[in-house]
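# next comes the sequence, and after it the predicted model I'd like to discuss.
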Amino acid sequence: MLDDSDARQRPRRDFYSLDELKKRGWTDEKVEEILGDCDIRGVNPHYAKGASLLFYLKERVHKAEEDAKAASACRSRKPYAFDLNELVDLLDETISVFMEYEYRFGYEEPKARQMAVQEMINRLRKK
């Protein structure tokens, strides 16, 4: 963690927030395991009593991402990319699975929805 005087002298653009790290493919577990403590903490602008915002020096993040262990951990979370037809097919299939859970297996609507979504997530993970 940088000391306060160093942190105040650096512009915000030199840091990634925890949310920005997640958009880069990091998980909470990998941040804790690989990066450890944040470099600076910021005041939450939305909630006075909310958790502090955590910021990590970009240089440190980039170095960690170059490390084979960190790079493979980050790359393991690849976003799905669908074209419009694939997305329509996926939604149609999800609705069909939902209807099957609700009408064939007799689940109440909230549980049928939950089961259908979970089944589709599991199918996507296998692809």
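Great, that's in hand.
# note down every partner strand of the longest strand seen in the chain and its orientation.
Criterion DSSP state E: the longest strand present in the chain is strand 53-57. According to DSSP bridges, strand 53-57 forms sheet pairs with strand 15-17 (antiparallel), strand 40-42 (antiparallel).
# out of the ones you listed, which gets nearest to residue 102?
Set against residue 102 and scored by Cβ to Cβ, the strands paired with strand 53-57 come closest in strand 15-17, at 40.7 Å. (Each C-beta comes from the backbone N, C-alpha and C, glycine too.)
# which of the helices or strands spans the one residue sitting closest to the centre of the chain?
Geometric centre of the chain, nearest residue: residue 22, 4.6 Å, by Cα atoms, centre = their mean. Under the criterion of DSSP states H and E, residue 22 resides in helix 18-23.
# quick one: the longest strand of the chain to chain centroid distance?
16 Å (Cα atoms, centre = their mean, to the nearest Å).
# how about the helices in the chain?
When assigned using DSSP state H, the helices of the chain occupy the ranges 4-9, 18-23, 28-30, 58-66, 68-75, 84-99, 109-126.
# distance to residue 44 and mean pLDDT added to these, as TSV?
Written out in TSV, the entries for the helices of the chain read as follows (distance: least, Cβ to Cβ, whole Å; pLDDT from 0 to 100):
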stretch	distance to residue 44	mean pLDDT
helix 4-9	17	62
helix 18-23	12	92
helix 28-30	17	91
helix 58-66	21	89
helix 68-75	26	62
helix 84-99	35	90
helix 109-126	31	88
